[in-house]
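*Asks:* what follows is a predicted structure for the sequence shown.
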Amino acid sequence: MILEIKTSDYEIKYLAERVFFKSIDLVGGLDKLAEYRNLTWLPSLARASFVIVLREEYLKTEDEIAKFVGISRNTVRQILRADPNLALYKIEHIDELNEEEKKQLKVHTAGGIAKLAHKLVKDGEDSQTVMEYCRNMAEKITMECDAPWSYIVLKNIKGVHYPITSPDTLIERLKHISIKGISGEEIVKNINYPIKNPAELLKEIKDYIASKGL
């Protein structure tokens, strides 16, 4: 089944892809899907991601969503009625799924996962893949913009998982650096948590430095 995306639908596609990548995170990542031979789940997660975004962000009707995604209205309805808590339980007990569902993800399970993923993305918790891509891009930009401390920070937090809820991880990564005469350890102990992405981390550090009059 092929999704036809028009240029004017780019924002829908962009957000649906973020939800899709977060859905993959929720089921354990692409490597886990490959390990369990569940790569056949990907089309179901992709369709569910579009359905949830079209309803939650653009208030499309079931018929409009069905036409856009290229699936039946009944399938759209099952996705929209999916229970995120039940989907979360299944993710946490993936070994207990029957052989049929291990091969082909059920519609309502995919819908529940996409609902959870959409909520997390809206809360600023994008997938680790997206986060790492953004970090790489920011690192390149800061290299060009003469902002050495931000470049050093981004270089040292490569691979950090978000959200960051305490300074422990950052202390280990940044304790050896100094920003405008302030140790990295002091800075990360005094900024606000949780931190949802690299941009938030840089802003917190910038604000702390500014609070010192630097």
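*Replies:* Yes, it's here.
*Asks:* list the contacts of the strand or helix carrying Ser150.
*Replies:* Assigned by DSSP states H and E, Ser150 falls within helix 148-156. Contacts to helix 148-156, defined as CB atoms under 8 Å, 6 or more residues apart in numbering, come from residues 135, 138-139, 142-143, 173-174, 177, 179-180, 198, 201-202, 205. Every C-beta, even on glycine, is put in place using the N, C-alpha and C of the backbone.
*Asks:* and the residues you listed, which of them are buried?
*Replies:* For the contacts of helix 148-156, a burial check counting by 16 or more other CB atoms under 10 Å picks out Arg135, Ala138, Glu139, Thr142, Arg173, Leu174, Ile177, Ile179, Pro198, Leu201, Leu202, Ile205.
*Asks:* how about the contacts made by the last one?
*Replies:* With CB under 8 Å, 6+ apart as the criterion, the residues that contact Ile205 are Trp149, Ser150, Val153, Ile179, Ile187, Ile191.
*Asks:* still on that earlier bit, need the max-distance pair from the contacts of helix 148-156.
*Replies:* Arg135 and Lys180 (21.7 Å; CB to CB).
*Asks:* return the helix or strand in the chain with minimum mean pLDDT.
*Replies:* helix 99-103 (a mean of 69; mean pLDDT, DSSP states H and E).
*Asks:* residues of the helix or strand following it that come out buried?
*Replies:* With elements assigned by DSSP H and E, the helix or strand that comes after helix 99-103 is helix 107-122. Neighbour counts over helix 107-122 (16+ other CB under 10 Å) mark 107-118, 120-121 as buried.
*Asks:* can you give me the strands for the protein?
*Replies:* 178-179, 182-183 (DSSP state E).
*Asks:* JSON lines for these, including distance to Thr129 and mean pLDDT?
*Replies:* Output for those, formatted as JSON lines (distance: least, CB to CB, whole Å; pLDDT from 0 to 100):
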{"stretch": "strand 178-179", "distance to Thr129": "28", "mean pLDDT": "90"}
{"stretch": "strand 182-183", "distance to Thr129": "32", "mean pLDDT": "93"}
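*Asks:* how about the ones you listed in TSV, adding distance to Val53?
*Replies:* TSV is the format used below for those (distance: least, CB to CB, whole Å):
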stretch	distance to Val53
strand 178-179	39
strand 182-183	42
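*Asks:* which one of those strands is the most hemmed in?
*Replies:* strand 178-179 (a mean of 17; mean count of other CB atoms under 10 Å).
*Asks:* now it: how far from the chain's centre is it?
*Replies:* Relative to its parent chain, strand 178-179 has a centroid offset of 30 Å by CA atoms, centre = their mean, to the nearest Å.
*Asks:* that one - contacts with which helices or strands?
*Replies:* Applying 3 or more CB pairs under 8 Å, 6 or more residues apart in numbering; DSSP states H and E, one finds that strand 178-179 contacts no other helix or strand.
*Asks:* please enumerate the helices of this structure.
*Replies:* 10-26, 30-35, 41-58, 62-69, 73-80, 84-92, 99-103, 107-122, 128-144, 148-156, 168-174, 184-189, 198-211 (DSSP state H).
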